[in-house]
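Enquirer: how would this look folded up:
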Amino acid sequence: MIKQLLNIFLFFFCISTFSQKNFQFFGRNTEKKIVSFKLINNLIIIPLEINGHKLSFILDTGVNKTILFNLSKNDSIGLNNVKKVFIRGLGDGEPIEALLSKGNRFRINDITSSNQNLYVILKDAFNLSAKMGTTIHGIIGYDLLKDVIVRINYNTKKIVFYNPKNYKDLKCRKCEIFPLQFYRNKPYINVKIRIDTTNNVTTPVKLLIDSGGSDAMWLFEDTKDAIKTPLKSFKDILGEGISGTIYGNRSKIPSILLGKFLINKPTVSFLDSTSTFNARKFKERNGSIGGGILKRFKIWIDYPNKRIIFKKNASLKEGFYYNMSGLHLVYDGQELVKNKAVFESFDISNDNQRQKNNTILFINTYHYVFKPKYKVDNVVPGSPAYKAGIQKGDFIKSINEKPAYEFKLSEIMELFQAKPNRKIRLKVKRNVDDLKFEFRLEKRI
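Expert: Numbering: from 1, shown residues only. I've put the predicted structure just below:
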């Protein structure tokens with residue numbers, strides 16, 4: 001559900017007197033830098049320092065601007081060289097007002113640039129941090145990737161940033177190399193897909209490489225009937241963009257062929273006409289490949305040489321799943337939770353008393369800690385959760401008899417993507433009432 005969220009353009013800025021526009025390597029090793037990242041909902045979250053402030057950004061090949069959209073008072077940074085701009089993303093709403101700042105200092109590990117542009121949306125339109133269950137300040141893509149070669153290992157959660165000046169070409173017999181075509185600084189590759197379940201005809205498509213998309217694939221319907229939503233599909237909320245909610249249909253297609261790599265039955269999202277119109281500024285584009293597919297490979301992204309390299313990992317043949325509950329949850333702050341009592345005993349008798357009568361005092365102590373709280377942000381009409389009676393705004397108290405605060409948001413979403421017919425028991429708080437619901441995950445395609 002989440003890329004969509006990433007089509008939001010935000011920005012944030014700082015004061016800088018430097019003139020360096022490109023990222024450069026500093027420190028002891030100027031050939032490569034290794035950075036650990038978090039992987040949440042198939043999205044790569046890297047540490048990015050902007051004007052001396054440590055922030056968390058999504059590495060998104062699908063954006064050509066660096067965008068800040070979650071700047072709290074604690075994260076506040078001075079903005080300079082500011083001008084107002086209007087930004088449109090996916091969704092059915094109007095463009096929103098944002099700010100553009102120039103001359104900002106970026107740093108990741110010892111890779112730095114001192115004169116970067118930053119787009120800032122002062123109001124987080126879709127509250128991405130709440131939907132991901134962790135703080136996300138923004139997204140970065142082309143501004144960084146144009147100056148480096150990166151190797152992404154989804155299994156180890158490590159990125160190696162290589163200096164193009166010292167990079168030795170990769171020799172890999174088990175790899176597939178694709179040339180990248182750029183349009184407005186976004187990378188596209190040509191692959192083949194099979195949509196028709198009754199024959200083996202493949203259709204050539206041009207897809208955006210979109211590491212900021214959590215879905216496996218998006219496709220746009222065309223007027224030639226070569227790409228149409230399969231009959232077995234269901235309507236869903238695909239995500240949120242700065243211009244509103246993104247709607248579409250979820251389905252599966254027989255396969256996608258990435259060179260010699262055959263990927264069977266990937267999940268596919270078909271955007272509605274409004275979102276397709278906004279996304280398809282590049283008329284040759286047929287859709288995008290997101291994190292749901294990219295995470296099945298070790299990937300070298302090489303913007304300087306206009307290519308991308310795929311090497312399969314152990315998860316290539318794993319199945320593709322989707323949210324079968326119909327529930328879209330968000331993180332909604334914290335609640336104070338009382339832990340179970342801890343019993344401590346103290347011997348309060350003195351030596352003389354101990355000979356006559358031992359006196360033991362038992363004291364019950366309680367620990368109060370802050371735990372995450374989750375709220376229903378949307379319920380898909382016709383879904384199992386909708387039929388059970390769960391409503392937008394309900395607070396999740398427990399899931400299958402386990403307190404909700406013991407889950408990470410990503411773990412809850414994985415549970416909803418488990419096997420069909422699995423029973424889900426929820427306890428929710430609605431206003432002042434505690435309510436219980438039960439439903440089974442429903443395979444709809």
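
Enquirer: Pretty sure P187 sits against Y303.
Expert: Yes: with contacts counted by CB atoms under 8 Å, P187 reaches Y303, the gap being 7.2 Å. Any C-beta I mention is one placed from the backbone N, CA and C, and that applies to glycine too.

Enquirer: where do the contact lists of these two overlap?
Expert: Common contacts of P187 and Y303 (CB atoms under 8 Å, 6 or more residues apart in numbering): L180.

Enquirer: Backbone dihedrals for R280, both of them.
Expert: phi -100, psi 50 (degrees, to the nearest 10).

Enquirer: That one and L219 touch, don't they?
Expert: No: contact criterion CB under 8 Å: R280 and L219 do not qualify, at 11.1 Å.

Enquirer: Between those two, point out the one with more neighbours.
Expert: L219 (25 against 15; other CB atoms under 10 Å).

Enquirer: hang on, the earlier thing: have a look at P187 and Y303 and say which one is more surrounded.
Expert: Remark: of P187 and Y303, P187 carries more neighbours, 27 against 22, as counted by other CB under 10 Å.

Enquirer: who touches L207 in this structure?
Expert: Counted by CB under 8 Å, 6+ apart, L207 has contacts 188-191, 217, 285-289.

Enquirer: In a markdown table, list those residues along with distance to F297.
Expert: As requested, the contacts of L207 are exported to a markdown table (distance: CB to CB, whole Å):
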| residue | distance to F297 |
| --- | --- |
| Y188 | 17 |
| I189 | 13 |
| N190 | 17 |
| V191 | 13 |
| M217 | 14 |
| R285 | 21 |
| N286 | 20 |
| G287 | 18 |
| S288 | 16 |
| I289 | 10 |
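
Enquirer: Top of the residues you listed by number of neighbours, please.
Expert: Ranking the contacts of L207 using other CB under 10 Å puts I289 first, with 28 neighbours.

Enquirer: what's that residue sitting at in phi/psi?
Expert: The phi/psi pair for I289 (degrees, to the nearest 10) is phi -110, psi 120.

Enquirer: Name the residues linked to it by a beta bridge.
Expert: Note on I289: beta-bridge partners by DSSP bridges are I209, M217.

Enquirer: Quick check, it in contact with K206.
Expert: No: using CB under 8 Å, I289 is not in contact with K206; the gap is 10.8 Å.

Enquirer: Now do the shared contacts for the two.
Expert: When contacts are counted by CB under 8 Å, 6+ apart, I289 and K206 are jointly contacted by I189.

Enquirer: what bits of the stretch 1-150 of the chain have low per-residue confidence?
Expert: 1-20, 70-80, 88-94, 123-126 (pLDDT under 70).

Enquirer: just the strands in it please.
Expert: Assigned by DSSP state E, counting those that start in this stretch, the stretch 1-150 of the chain shows strands spanning 24-25, 32-36, 38-40, 43-50, 53-59, 67-68, 83-87, 96-108, 111-120, 138-140, 149-153.

Enquirer: try the stretch 251-400 of the chain
Expert: Using DSSP E, counting those that start in this stretch, strands in the stretch 251-400 of the chain cover 255-258, 261-264, 267-271, 287-289, 297-302, 307-312, 327-338, 342-347, 360-365, 368-379, 395-399.

Enquirer: what separates the nearest residue to I58 once chain neighbours are set aside from L441, distance-wise?
Expert: Sequence neighbours aside, I139 is the residue nearest to I58 in space, at 4.6 Å (criterion: CB to CB, 6 or more residues apart in numbering). Distance of I139 to L441, given as CB to CB, to the nearest Å: 31 Å.

Enquirer: So which of those two has more stuff around it?
Expert: Taking neighbours as other CB under 10 Å, I139 and L441 compare with I139 leading, 28 against 23.

Enquirer: The residue nearest to I58 contacts L55, correct?
Expert: No: applying CB under 8 Å, one finds I139 not in contact with L55, separated by 11.1 Å.

Enquirer: ok, what's across the strand from V330?
Expert: Counting by DSSP bridges, the residues bridging with V330 are K375.

Enquirer: any weak-confidence spans in the stretch 301-445 of the chain?
Expert: 339-367.

Enquirer: chain center to the helix or strand containing K206: distance?
Expert: Applying DSSP states H and E as the criterion places K206 in strand 203-209. From the chain centre to the centre of strand 203-209 is a distance of 21 Å (CA atoms, centre = their mean, to the nearest Å).

Enquirer: Tell me the buried residues in that strand?
Expert: 203, 205-209 (16 or more other CB atoms under 10 Å).

Enquirer: can you tell me the average pLDDT over that strand?
Expert: For strand 203-209, mean pLDDT rounds to 95.
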